[in-house]
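1. how would this look folded up:
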Amino acid sequence: MSPSMIPSNVIETLARVQTFARVRNVSWFLVGGLVRDQLLGRPFTNRNVDLAVPTGAITLARALASALGGAFVPLDEAAGSARVVISEGSQRLDMDISDFRGPSLEADLGRRDFTVNAIAIALADWLRNPAHPGPLIDPCNGRHALSRKELAACFPGTFDEDPVRILRAFRFAAQLEFAFADSLETMMARAVEGLVRVSGERLRDELVAICATDRAGWAMTSLNAIGALDVLFPELVPGRAMDQGGFHHLDVLGHQLETVHQGDRILAACAEFSGPLRGPLNAYCAEELVERRSRKSLIKLGGLLHDAGKPANRQVHDDGEIWFIGHEHTGAELALTAAQRLRFSNRETQMISQLVRHHLRPGFLSREPQLTRRAIYRFYKDLGDDGPACLLTWWCDRMATRGPLSRVDQLDQQRARLEELLSPYFFKVEEIVKPPRLVDGHQLMAEFHLTPGPAVGELLAAIEEAQAEGQVHSAEEALALAKARLTQSPQNPP
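-> Modelled structure (predicted):
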């Protein structure tokens, strides 16, 4: 690994940690992801370092935070682990410090989750040559697993000890493109019921990390196969094996899983869209509403849940046609419940629920003979910054619906309409999506002797919509429109 793959400020911070350790005569060891990724030649991207000490991790972490001017965050007092957060401008480094899980470092490594994460090196040794670390401490033969690109458990009870490791297994396999060792899935299947004991926050973080990869569809399908998806998302269970009629080629749950697969493909680089849109779309999807939780992940979770309301709204008509009228509203409530259970922020919960509630709307717009500026404005008026995410969710849904039965000409037409809806958000915001205000409420009240109330807001909304349609361009035209509307309303004469 080249030295440049470990940022210089990270090396400098760890050197200060070693100085701190030497003064206190305590041996510190690097273990886990940084060591693993160095051996794989992967860049240091997650800004997290795991450090192990024989004992006293919490006391040491508190003192280290004070010495480095960082923040101290207790993680697990019973197990003896804490985090020190170092922030430099927009850059953040998390150092997780934990006590040995046994009488020695070797015993500690033997109680970790996977052998590839159970490779350690003394911090002092690592600092001698960060680009080529050694000597390594590897009692579980993690380097052999790395060479085989295989994820293996450190000990048979790893998932019983901490069931969230089931999700971690899928996260690591998805991120590293590793296969599971023999019997690993069997071990996970036996422990899935334990997921109910895991906090929503921990489940959320692993699910988001899975969805940030381009193998989320594989992970969700595999979690379904071992029974874990039923525990994580009971809202999806009624859709298993539920027929949707001839228009769909999969059952309800199968379709939702396929929507995530399509999300992996479509959101990987947004390559199927025209050149000018690719960069803005990729940046939009990468944006984090909460630190380390991107829109890309939330869109895939919205796709997983988008048809959760279908079982409750399934109707079979006399002609055999199957309908799910109103499923988007039922599904939005179920998605809201799921997001709250997983402790997503209010903003993220709103987004996931919005994606489910409005996932049909782009399809209706795509069938219009002509897409008007008013229709585009109203779409973004209702969805705001979640508008592009809703459009992408619909496209993942659309591509998952017909499978091999899709007509190429129809897909091309709908993709063009999709781009027609996406482009204003990125290129014509002030023209169509959110026109700048030409007059405010005070001006309207002064001009037409109005009192504060809903009528003023309705006039402002009418002016903004007229701007989006290209009918109003100045304050004078805005006031003229307001006057005309008031003239038509006997309750508010001009």
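2. Could you look up the next helix or strand downstream of the lengthiest helix in the chain?
-> The longest helix of the chain (DSSP state H) is helix 408-427. Heading C-terminal from helix 408-427, the first helix or strand you meet, by DSSP states H and E, is helix 441-448.
3. and that next one, which residues are buried?
-> 443-445, 448 (16 or more other C-beta atoms under 10 Å). C-betas here are computed from N, CA, C, even on glycine.
4. Off-centre distance for the helix or strand just after that helix?
-> Sequence-wise, the next helix or strand downstream of helix 441-448 (DSSP H and E) is helix 454-468. Distance, stretch centre to chain centre, for helix 454-468: 35 Å (C-alpha atoms, centre = their mean, to the nearest Å).
5. separation between T451 and A339?
-> For T451, the distance to A339 (C-beta to C-beta, to the nearest Å) stands at 40 Å.
6. Likewise for A212?
-> 17 Å.
7. Compare neighbour counts for the two and give me the winner.
-> A339 (25 against 20; other C-beta atoms under 10 Å).
8. Let me see the contact set for the more buried one.
-> 301, 348-349, 352-353 (C-beta atoms under 8 Å, 6 or more residues apart in numbering).
9. which other helices and strands contact the helix or strand harbouring G302?
-> Using DSSP H and E, G302 sits in helix 295-305. Other helices and strands packing on helix 295-305, by 3 or more C-beta pairs under 8 Å, 6 or more residues apart in numbering; DSSP states H and E, are helix 200-211, helix 252-267, helix 275-286, strand 288-290, helix 327-341, helix 346-357, helix 387-401.
10. so can I have CSV of the ones you listed showing mean pLDDT and distance to R240?
-> Formatted as CSV, those follow (pLDDT from 0 to 100; distance: least, C-beta to C-beta, whole Å):
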stretch, mean pLDDT, distance to R240
helix 200-211, 97, 19
helix 252-267, 96, 5
helix 275-286, 97, 29
strand 288-290, 93, 31
helix 327-341, 97, 15
helix 346-357, 98, 18
helix 387-401, 95, 16
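11. could you dump these to TSV with distance to A124?
-> As requested, the helices and strands packed on helix 295-305 are exported to TSV (distance: least, C-beta to C-beta, whole Å):
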stretch	distance to A124
helix 200-211	31
helix 252-267	42
helix 275-286	37
strand 288-290	35
helix 327-341	45
helix 346-357	42
helix 387-401	47
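12. Out of the ones you listed, flag the one nearest E88.
-> Comparing the helices and strands packed on helix 295-305 against E88 with C-beta to C-beta, the closest turns out to be strand 288-290 (18.0 Å).
13. Who are the packing partners of that closest one?
-> helix 295-305, helix 346-357.
14. hmm, who's touching that strand?
-> Outside strand 288-290, the residues touching it (C-beta under 8 Å, 6+ apart) are 294-295, 298, 345, 347-348, 351.
15. Please indicate which of those residues are buried?
-> 294-295, 298, 348, 351.
16. And the strands in the stretch 51-200 of the chain?
-> 71-76, 81-88, 91-99, 120-122, 150-151, 179-180 (DSSP state E, counting those that start in this stretch).
17. Could you export the ones you listed as a markdown table, including distance to L305, mean pLDDT and mean neighbour count?
-> Shown next, in a markdown table, are those (distance: least, C-beta to C-beta, whole Å; pLDDT from 0 to 100; neighbours: other C-beta atoms under 10 Å):
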| stretch | distance to L305 | mean pLDDT | mean neighbour count |
| --- | --- | --- | --- |
| strand 71-76 | 30 | 94 | 13 |
| strand 81-88 | 31 | 92 | 18 |
| strand 91-99 | 30 | 93 | 19 |
| strand 120-122 | 40 | 97 | 22 |
| strand 150-151 | 27 | 98 | 20 |
| strand 179-180 | 26 | 98 | 16 |
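18. Same list (these) but as TSV, adding distance to L438.
-> Output for the strands of the stretch 51-200 of the chain, formatted as TSV (distance: least, C-beta to C-beta, whole Å):
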stretch	distance to L438
strand 71-76	46
strand 81-88	42
strand 91-99	42
strand 120-122	64
strand 150-151	59
strand 179-180	61
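19. which strands and helices sit next to the very next helix or strand once past the helix holding G302?
-> Using DSSP H and E, the helix or strand that directly follows helix 295-305 along the chain is helix 310-313. Packing contacts for helix 310-313, counted by 3+ C-beta pairs under 8 Å, 6+ apart, involve helix 327-341.
20. Export the helix it packs on to PDB, keeping only CA atoms.
-> Included here for helix 327-341 are C-alpha records, laid out as PDB according to Å, rounded to 0.1, in the frame of the first residue of the first chain:
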ATOM      1  CA  HIS A 327     -51.600   0.900  -1.400                       C
ATOM      2  CA  GLU A 328     -49.300   3.900  -1.600                       C
ATOM      3  CA  HIS A 329     -51.000   5.600   1.400                       C
ATOM      4  CA  THR A 330     -51.100   2.400   3.500                       C
ATOM      5  CA  GLY A 331     -47.500   1.700   2.500                       C
ATOM      6  CA  ALA A 332     -46.400   5.200   3.600                       C
ATOM      7  CA  GLU A 333     -47.700   4.600   7.100                       C
ATOM      8  CA  LEU A 334     -46.000   1.200   7.200                       C
ATOM      9  CA  ALA A 335     -42.700   2.800   6.000                       C
ATOM     10  CA  LEU A 336     -43.100   5.500   8.600                       C
ATOM     11  CA  THR A 337     -43.400   2.900  11.300                       C
ATOM     12  CA  ALA A 338     -40.400   1.000  10.000                       C
ATOM     13  CA  ALA A 339     -38.200   4.100   9.800                       C
ATOM     14  CA  GLN A 340     -39.200   5.200  13.400                       C
ATOM     15  CA  ARG A 341     -38.500   1.700  14.700                       C
END
